[in-house]
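In: sequence and predicted structure, then a few things I'm wondering about:
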Amino acid sequence: MNSVALLAVLAILLVANGAAKVYGWDLLVSPGSQAIPPGGSYSFSVSVTGTIPGNPNVQLLISPPVLGITAAFTTNNVPPPFSSTMIVQVDPSKAPGPYVLEVWAHPAGTPFPGPDNRYVNVNIIVGQPFDFSIQLSPPSLTVKQGETAHYQILLTYSDPSYSGTTITVDVSGGGPGMNYQLSNYPPSLNVLTSHSTPPGAYNIIITGSAMGRTHQTSAALIVEPAEQPFDFSLSASPPQQTVSPGASTTYAIQVSLVAGTAQNVALGVTGVPSGASASLNPISGSPTFSSILSVSTTSSVSPGQYVLTISGSAGSQTHQTTVVLVVGETPDFRIDVSPPSQTLTQGSTTSFSINVVALNGFNSQVSLTVNGPPSGASTAFTVPSSTPSFSSTLTVTVPDNSPTGSFTLTIMGSGGGLTRVANIVLNINPQQTQTTTTQTTQPGTGLFDLLQQNSLIVIAVLALLVILLAALAMRRRGSAAASGEGRYGKAVAGQNLCPKCGANNLTTAAFCSSCGNKLK
């Protein structure tokens, strides 16, 4: 091969290599065809792949432009590779029909159009103006309370190109206890009823809205009574009873059918205290029915409050209710007497106040008696018997010849199988003997008046007393002088007896040391 031929081969290879580098990129648009309604828009995916020597910017554009159809690119005039979104907008007045958009990728610095550019044809189909219709299928459904009604939402578009357009759906109508569920794929509506939804016919309304268009449709929903499972209720009355140890009481139990077909309900009771027993009559039955709960206690049961639980069971259903049993203290009574003692004289009357007081609900009749009155005494109660609490008065009358002294009387009360006593004391004094003395006195005369009226007698008596005393004194002095004795004994040598009082005095004394009488 000569040199000219070699150069020619090299030139061809260089051209081939250069062409590979220049055209090692491409333009892709997806989808290649799309229906768009007048006034609508659509977004296409655009990709510029590969690289171009020199890394020039690539411009995306539509050429030639189509009247009434515009396109905009989110990314443009950047070096490849890159991706962009072409948003195609159709004018509302654009006539329906097929249109072709030539999408070009133009490297900067190359002729346009030319072999260094890439283009893709995109078919735009302009359809009818947007509209739709909406329906519920089936147009009527019948369900029972608590069930769910399933409707399909049927959407029809004015042009197939609108398929997939989002329709906003609102639900209205229906009735109490209903809830709604909407699904997009496939479009459907579920209407959930409940056991509280009243049976009857309801109108379910749906409203669809999209692109300024609104349409409404409805369907009938008929709710029938549900076949409810068996259930019952349990109640007891009264809620509380009070008894005394040894007493009995009852409660009324009511078993009522709530739903479903009646089944046999078995009854039971728990919580009965020690010293008590309980029974149910009947112990089972088919609702609705009544039963009697009887509770009997003994004297050994402890006072207190007890909760009794009544249970009813039928299959998987169990219900309970409670009542309260209050066991009080044993009924009793007491006798109070006032005063505890009385004093009277023979032939007189006295009384005692008696109170018979009920304790712990005692309500039996109590009769009163008295034991221990003295011989001949009589007793009487104003209220000899009654149901406590009550008051009575005991009257005791003793004769003139009644024995005297202190007597213990026992007041006894008997009733309700119980006897209670209270003691009192009766003191009887003898009658006072009265002596009648007749004395005549002047009205208003006293001791002072008596003395005034008899002053001469008083003076005479006093004078007589003075004379007698003086005579006695003179007699005593004479006896002492004759015997040589003084008041204080016989005269002693060297002493001198007083002639008046008989006292011994010194011989040198001029006056008596005892009475002051002059001795010399």
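Out: Structure received.
In: how much space between the closest residue to Asp131 other than its chain neighbours and Ile206?
Out: Distances taken as Cβ to Cβ, 6 or more residues apart in numbering place Ser158 nearest to Asp131, at 3.9 Å, with adjacent residues excluded. Where you see a C-beta, it was placed from the backbone N, CA and C, and this is true even at glycine. With distances taken as Cβ to Cβ, to the nearest Å, Ser158 is found 19 Å from Ile206.
In: those two: which is more packed in?
Out: Ile206 (24 against 15; other Cβ atoms under 10 Å).
In: surely that one touches Ile134?
Out: Yes. If you go by Cβ atoms under 8 Å, Ile206 and Ile134 touch, sitting 6.7 Å apart.
In: list residues touching both of these two?
Out: Jointly contacting Ile206 and Ile134 under the rule Cβ atoms under 8 Å, 6 or more residues apart in numbering are Ile153, Val169, Gln216, Thr217.
In: only whichever of those residues are buried, select them in PyMOL.
Out: Of these, the buried ones can be selected in PyMOL as follows, counting by 16 or more other Cβ atoms under 10 Å:
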select buried, resi 153+169+217
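In: out of the shared contacts of Ile206 and Ile134, what pair is the most spread apart?
Out: Spatially, the most separated pair among those is Ile153 and Gln216, at 12.3 Å (Cβ to Cβ).
In: what about the stretch 1-150 of the chain, any weak spots by pLDDT?
Out: 1-23 (pLDDT under 70).
In: same thing but at 90, please
Out: Applying pLDDT under 90 to the stretch 1-150 of the chain flags residues 1-24, 35-40, 96-97, 125-131, 145-146.
In: who's in contact with Pro384?
Out: Per Cβ under 8 Å, 6+ apart, neighbours of Pro384: Ser367, Leu368, Ser392.
In: repeat that for 10 Å
Out: Counting by Cβ atoms under 10 Å, 6 or more residues apart in numbering, Pro384 makes contact with Val366, Ser367, Leu368, Thr369, Ser392, Leu394.
In: and it, backbone torsions?
Out: phi -70, psi -20 (degrees, to the nearest 10).
In: ok, the one 5 residues further on next?
Out: Comment: the main-chain dihedrals of Ser389 come out as phi -90, psi 140, following degrees, to the nearest 10.
In: look up how far Gln346 lies from it.
Out: In terms of Cβ to Cβ, Ser389 sits 36 Å off from Gln346.
In: Thr51: which of the shared contacts of Ile206 and Ile134 is nearest?
Out: Among those, and counting by Cβ to Cβ, the member closest to Thr51 is Val169, at 49.3 Å.
In: that closest one contacts Phe132, correct?
Out: No. Counting by Cβ atoms under 10 Å, Val169 stays clear of Phe132, with 11.3 Å between them.
In: can you tell me which of the shared contacts of Ile206 and Ile134 is closest to Val90?
Out: For these, the nearest to Val90 is Val169 (26.3 Å; Cβ to Cβ).
In: outside of the helix or strand containing that closest one itself, list whatever touches it.
Out: Here Val169 sits within strand 168-173, counting by DSSP states H and E. When contacts are defined by Cβ under 10 Å, 6+ apart, strand 168-173 is touched by residues 134, 151, 153, 155, 178-182, 184, 187, 189, 191, 202-210, 214, 216, 218-221.
In: now do 6 Å
Out: Tyr180, Asn203, Ile204, Ile205, Ile206, Thr207, Gly208, Ser209 (Cβ atoms under 6 Å, 6 or more residues apart in numbering).
In: that strand: how far from the chain's middle?
Out: Centroid separation for strand 168-173 versus its chain: 44 Å, with Cα atoms, centre = their mean, to the nearest Å.
In: output it as CSV, restricted to C-alpha atoms.
Out: The C-alpha trace of strand 168-173 is given here as CSV (Å, rounded to 0.1, in the frame of the first residue of the first chain):
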residue,chain,number,x,y,z
THR,A,168,-62.5,13.7,45.7
VAL,A,169,-65.4,11.8,47.2
ASP,A,170,-67.6,12.8,50.2
VAL,A,171,-70.1,10.6,51.9
SER,A,172,-73.4,11.7,53.5
GLY,A,173,-76.7,10.4,54.5
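In: so which residues make contact with the next helix-or-strand element following that strand?
Out: As assigned by DSSP H and E, the chain's next helix or strand after strand 168-173 is strand 179-183. Around strand 179-183, the neighbours that count as contacts under Cβ under 6 Å, 6+ apart are Val171, Leu189, Asn190, Val191, Leu192.
In: could you pick out the buried ones from the contacts of strand 168-173?
Out: Ile204, Ile206, Thr207, Gly208, Ser209.
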